[in-house]
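**Q** Provided below are the primary sequence and the corresponding predicted coordinates.
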Amino acid sequence: MFTSSKSNSLEIGESAPQLTAQDQDGLTVDLSVELFKELALVFFYPKAHTPGCTHQVCSLRDGYSILESLGVTILGVSSDKVESQNSFKEKYNLPFRLLSDSNGAISKAFGKNKWSRQAYLFKKGKLVWKDTQASTAKQTDDVLKALADLGIYDD
């Protein structure tokens, strides 16, 4: 099991990891493309279809229109297999992609362990905000506050 430590954690100002992963449909997602867009949010949740993770993804689903209007691309990541990600996305009508990190490569690149809930905001490929103890039901509020603190959102 990969263990997070301060020495290998992704830090503010660092470039986004350049990896690929499969989304809920089995399509390849290139993080070196997705995270280099104007704004990109990567959030990690421990396990699809569990109560806390459901609250987290539904918070982002419910706030999706405002985040999308600000140009934020959203990617959810967990160690679940593609099929589980697909059923999670369908069951909760999620408008963003869910990535399967079943081999742990994305978690390792971000310096986190499999079971932690975290969120990272990138601006043109550079990390501008991170939350290593991400909220469940208030994930959108936390991201909007970060965007306001960065001068991107006027709350």
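**A** Yep, it's here.

**Q** tell me which element residue 60 falls in.
**A** For residue 60, the host element (DSSP states H and E) is helix 51-62.

**Q** Please apply the same query to residue 98.
**A** Here residue 98 is assigned to strand 97-100, by DSSP H and E.

**Q** Tell me the strands beside that strand, with direction?
**A** Paired strands of strand 97-100, with direction, are strand 20-23 (antiparallel), strand 72-78 (parallel) (DSSP bridges).

**Q** Out of those, the one nearest residue 37 is which?
**A** strand 72-78 (5.1 Å; C-beta to C-beta). (Each C-beta comes from the backbone N, C-alpha and C, glycine too.)

**Q** Format the CA atom coordinates belonging to the helix holding residue 60 as PDB.
**A** Taking C-alpha atoms only, helix 51-62 is exported to PDB below (Å, rounded to 0.1, in the frame of the first residue of the first chain):
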ATOM      1  CA  PRO A  51     -22.500   7.100   2.000                       C
ATOM      2  CA  GLY A  52     -19.700   9.700   2.400                       C
ATOM      3  CA  CYS A  53     -18.500   9.300  -1.200                       C
ATOM      4  CA  THR A  54     -22.100   9.600  -2.500                       C
ATOM      5  CA  HIS A  55     -22.500  12.900  -0.500                       C
ATOM      6  CA  GLN A  56     -19.200  14.200  -2.000                       C
ATOM      7  CA  VAL A  57     -20.100  13.400  -5.700                       C
ATOM      8  CA  CYS A  58     -23.600  14.700  -5.300                       C
ATOM      9  CA  SER A  59     -22.300  18.000  -3.800                       C
ATOM     10  CA  LEU A  60     -20.300  18.400  -7.000                       C
ATOM     11  CA  ARG A  61     -23.200  17.300  -9.200                       C
ATOM     12  CA  ASP A  62     -25.500  19.800  -7.600                       C
END
